[in-house]
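Trainee: I'd like to go over a predicted model; first the sequence, then the structure.
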Amino acid sequence: MTKPSSVWPTPSQYGWLRRDDSDANYNTSSSALPTGASQISGQPPPTSTGSPRDPLLAIMPDFAFSMPAQIIVGGVNIALTTMLTIQLIFTMQYHYPLSKRNYILQFCSTLILLISLAVQLHSILSALEHQVHGWPYMFAYIAVQIPPQDGSWTIVQEAFFLVMRAVSTFFIHLTHIQFLTLLFPSALEARLILWMLGPLALAASGMEFTALSSDDDVKTSDLGDAIRNICNSTLFLLYTSGLLVWGLLVNRRRAWRTDGGTAAFGGGSVGLAFINTTVSFVEIAFDRLWWLPDILWTLTLWQSWLGFWWWVGSG
């Protein structure tokens, strides 16, 4: 019986890694390196306990940028949004008579976000399934970008996804803006809130479409990301300020009553507001964390829901 030849390639067959036997050092080509790096020199030292000769460890991104982290966070977001949808369905008989507009906005924004999260998770899993059908028949470490930049989506698919994400962003902001008009119900205050925060919400949602720019037009994409992140951070900061002003100055005596769980709803809403504001500023520095905006939208919906029942409990 003849010995079958090995089906595995030799190290010299890898395009991205070659061994120079003269000095026993690994050299890398200037292409196909992850995270945009073109060479190993100048990169931070490896933090892994693996082989010290592995040059890719020096440029391997943190686990937060990985595909497993993306899937875990996506699953948690879907679970939290599903729970909120169930809450809205079962509390409809109490919520709807108190504020029809608030209930309609909360239910629509929650449903749109749930659909958007489901589409994203399905796209990620489909991309991973496509990866395992080619060499090296395993999943990639880097998180999947949605919409992808490899041309696998048509313009219609990409436009539909961006429209869905823009509508979701606008409705979530609009829900919280309408909730603030409940806290400050006078006509002047309501108009001031709408005219100040409404344009920021429109700008944040409209900047989603800068992803339609060509791959060569990096300036447009970066400018759109910067404007969107600044608008979102400003809105979250104003949301937090509005809750603090109402809870600590305007309605302090009734906002923190312990009966009926009023203080618990208030603490939850204000706590999520601080978390959202912090995460929104973190997003400015780490705009390549694809799953980070979804956390903001999920927590913002819960913040609006808790804040509404805080307003109801305080009379």
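Mentor: Sure, I can see it.

Trainee: CA atoms for contacts and neighbours, from now on please.
Mentor: Will do.

Trainee: Now do the helices in the stretch 151-300 of the chain.
Mentor: Secondary structure of the stretch 151-300 of the chain (DSSP state H, counting those that start in this stretch): helices at 155-183, 187-206, 218-245, 252-255, 262-285, 292-313.

Trainee: Can you redo the ones you listed as JSON lines, where the extra columns are mean pLDDT, mean neighbour count and distance to L98?
Mentor: As requested, the helices of the stretch 151-300 of the chain are arranged in JSON lines below (pLDDT from 0 to 100; neighbours: other CA atoms under 10 Å; distance: least, CA to CA, whole Å):
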{"stretch": "helix 155-183", "mean pLDDT": "93", "mean neighbour count": "20", "distance to L98": "11"}
{"stretch": "helix 187-206", "mean pLDDT": "92", "mean neighbour count": "17", "distance to L98": "18"}
{"stretch": "helix 218-245", "mean pLDDT": "90", "mean neighbour count": "19", "distance to L98": "20"}
{"stretch": "helix 252-255", "mean pLDDT": "86", "mean neighbour count": "16", "distance to L98": "18"}
{"stretch": "helix 262-285", "mean pLDDT": "92", "mean neighbour count": "19", "distance to L98": "16"}
{"stretch": "helix 292-313", "mean pLDDT": "94", "mean neighbour count": "21", "distance to L98": "8"}
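
Trainee: could you redo the ones you listed as CSV and give each row distance to I124?
Mentor: CSV is the format used below for those (distance: least, CA to CA, whole Å):
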stretch, distance to I124
helix 155-183, 13
helix 187-206, 22
helix 218-245, 21
helix 252-255, 43
helix 262-285, 21
helix 292-313, 14
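
Trainee: quick one, which of the ones you listed is nearest to I59?
Mentor: Closest of the helices of the stretch 151-300 of the chain to I59 is helix 262-285, at 18.6 Å (criterion: CA to CA).

Trainee: Taking helix 292-313 as reference, get the angle to the closest one.
Mentor: Angle, helix 262-285 to helix 292-313, by axes from the mean of the first three to the mean of the last three CA atoms, to 10 degrees: 160 degrees.

Trainee: average pLDDT for the longest helix seen in the chain?
Mentor: In terms of residue count, the longest helix belonging to the chain (DSSP state H) is helix 100-131. On average, the pLDDT along helix 100-131 is 92.

Trainee: Identify the residues contacting the closest residue to L117 other than its chain neighbours.
Mentor: Setting aside the residues directly before and after it, L117 is nearest to I78 in space (CA to CA, 6 or more residues apart in numbering), at 6.4 Å. Residues near I78 by CA atoms under 8 Å, 6 or more residues apart in numbering: 114, 117-118.
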